[in-house]
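J.: Just the structure for this:
(one chain, ligands or ions: 1)
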Amino acid sequence: MASSSPSGSGFKVQSLMGSSSSEGFQTLMDYIGKEGADIGDDLVILLNHLQYACKKIAALVASPVSSKLRQQIEFSEFGQRMARDKPKPLDIVSNEIILASLRSSGKVAAMASEEDDSPVWIADNGPYIVVTDPLDGSRNIDASIPTGTIFGIYNRLIELDHLPVTEKALLNSLQCGQRLIAACYVLYSSATILCISFGSGTHAFTLDRSLGDFVLTHPYIKIPARGQIYSVNDARYFDWPEGLKQYIDTIRQGKGEYPKKYSARYICSLVADLHRTLIYGGVAMNPRDHLRLVYEANPLSFLVEQAGGRGSDGKSRILSIQPVELHQRLSLFLGSSEDIEELESYGEVQQKVNPGYEV
Ligand SMILES: O=P(O)(O)OC[C@H]1O[C@](O)(COP(=O)(O)O)[C@@H](O)[C@@H]1O
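T.: Residues are numbered from 1 along each chain as shown. As a prediction, the model looks like this:
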């Protein structure tokens with residue numbers, strides 16, 4: 001999807017991005033700067049800053065510093081262990097890295113982050129609004145289990161420019177997912193993968209650590225129409241509604257529309273569980289109202305849809321839901337189109353009982 005370029009200096013900026021492709025691969029900057037996507041200079045500049053921020057986070061989560069940071073914050077000065085839902089140090093550091101990159105891009109009006117109570121207004125003339133979960137899955141970090149950064153990009157709504165800052169920051173951040181112009185996740189795992197869509201396919205780039213570049217490794221990802229893997233925290237089985245219990249019982253036994261027994265995979269790290277689902281197919285879900293519409297469900301649904309799959313809350317298309325609160329939570333089902341369709345046919349699949357689990 002093309003985006004307008006208020007600065008209008010397309011050729012100049014894009015040609016500055018260089019023309020070399022490393023080791024026969026196309027780099028992300030080549031792809032967005034001149035060869036692949038036609039997205040306009042402003043978005044190229046913003047993404048250049050964001051991909052650099054994610055490289056910093058990738059280095060941070062893999063560094064010995066990360067466990068030290070965690071130890072320092074996990075215990076307060078009174079020796080009390082912090083509550084499970086309190087922000088972890090790496091969340092905060094990652095948030096600061098992303099915010100600094102958005103500020104220095106000069107292209108962002110506001111950032112809404114899962115880590116902040118309200119959106120941060122950055123620049124009146126910034127053409128874009130960025131919503132982000134800077135470090136998802138950080139509760140896994142001590143065990144070196146994969147984590148990820150998620151972000152979505154909207155155009156700034158110029159019709160709101162006259163409003164007070166707090167109001168326009170909030171309303172710009174509450175845009176419906178179908179207005180996204182780009183979405184991305186970065187997976188920090190055995191490889192660091194940046195998966196992005198501008199509304200014309202979903203493409204994944206792998207960080208070549210020797211060169212420091214993201215290079216195109218998975219152009220036009222197509223999620224299989226049907227998978228054989230379901231991904232859910234099924235210790236919650238007894239809190240599930242009947243529809244979801246029946247669905248999982250059925251596919252486990254190979255008695256569903258696809259006549260083979262499904263396997264379970266659950267990392268408990270949303271970006272990692274989704275990335276596997278995009279590649280192998282199936283369904284990744286969190287049926288309780290835990291994940292956030294603005295920061296997680298919308299950007300990830302955009303990426304899944306662009307890969308030919310579906311994002312649902314169990315009843316409706318995620319991208320059609322109008323957010324009413326910044327930190328709104330909901331049930332989330334992402335995956336292969338036929339699997340999601342079958343799941344929805346079981347009626348009540350949203351877990352309404354959410355007692356606040358210990359781990
Ligand atoms: O505890 P559950 O229901 O299995 O939730 C796990 C999910 O929560 C997350 O850890 C996000 O939760 P936080 O935003 O509280 O870190 C996801 O990465 C993961 O998919």
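J.: Summarise which helices and strands the helix or strand hosting residue 94 is packed against.
T.: Residue 94 belongs to helix 89-105 when assigned by DSSP states H and E. Applying 3 or more C-beta pairs under 8 Å, 6 or more residues apart in numbering; DSSP states H and E, we find helix 89-105 packed against helix 41-61, helix 64-74, strand 108-113, strand 128-136, strand 147-155. The way it works is simple: take the backbone N, C-alpha and C, and place the C-beta from them, glycine included.
J.: For the closest residue to the ligand within the stretch 101-250 of the chain, give me its contacts.
T.: Residue of the stretch 101-250 of the chain nearest the ligand, by C-beta to the nearest ligand atom: residue 233 (3.4 Å). With contact set as C-beta atoms under 8 Å, 6 or more residues apart in numbering, residue 233 has these partners: 266, 268, 286.
J.: one step back: any idea which of the helices and strands packed on helix 89-105 scores lowest on pLDDT?
T.: Sorting those by mean pLDDT places helix 64-74 lowest, at a mean of 68.
J.: which one of the contacts of residue 233 has the most neighbours?
T.: For the contacts of residue 233, the largest neighbour count, defined by other C-beta atoms under 10 Å, is 24 neighbours, found at residue 286.
J.: I figured that one hits residue 331, correct?
T.: Yes: under the criterion of C-beta atoms under 8 Å, residue 286 makes contact with residue 331 at 6.9 Å.
J.: At the geometric centre of this structure, which residue do we find?
T.: Nearest to the geometric centre of the chain sits residue 150, at 3.0 Å (C-alpha atoms, centre = their mean).
J.: these two touch, right, that residue and residue 296?
T.: Yes: under the criterion of C-beta under 8 Å, residue 150 makes contact with residue 296 at 5.8 Å.
J.: Overlap in contacts, these two.
T.: Counting by C-beta under 8 Å, 6+ apart, the residues touching both residue 150 and residue 296 are 133, 136, 270.
J.: Any chance of a markdown table for those, columns distance to residue 125 and neighbour count?
T.: Output for the shared contacts of residue 150 and residue 296, formatted as a markdown table (distance: C-beta to C-beta, whole Å; neighbours: other C-beta atoms under 10 Å):
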| residue | distance to residue 125 | neighbour count |
| --- | --- | --- |
| 133 | 26 | 29 |
| 136 | 30 | 28 |
| 270 | 33 | 26 |
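J.: Pick the one among the residues you listed closest to residue 310.
T.: Nearest to residue 310 among the shared contacts of residue 150 and residue 296: residue 270, at 16.3 Å, using C-beta to C-beta.
J.: show me where this structure has helices.
T.: 10-16, 28-30, 41-61, 64-74, 89-105, 165-173, 242-252, 270-280, 298-306, 337-344 (DSSP state H).
J.: tell me the most buried of the ones you listed?
T.: Neighbour counts (mean count of other C-beta atoms under 10 Å) averaged over each of the helices of the chain peak at helix 298-306, with a mean of 27.
J.: now for that one, which elements pack on it?
T.: Looks like helix 298-306 contacts strand 147-155, strand 182-188, strand 192-197, strand 202-208, helix 270-280, strand 310-312, strand 329-335 (3+ C-beta pairs under 8 Å, 6+ apart).
J.: For the ligand, what's its nearest residue on the stretch 251-359 of the chain.
T.: residue 270 (3.7 Å).
J.: how about the nearest residue to that residue, chain neighbours excluded?
T.: Sequence neighbours aside, residue 136 is the residue nearest to residue 270 in space, at 5.2 Å (criterion: C-beta to C-beta, 6 or more residues apart in numbering).
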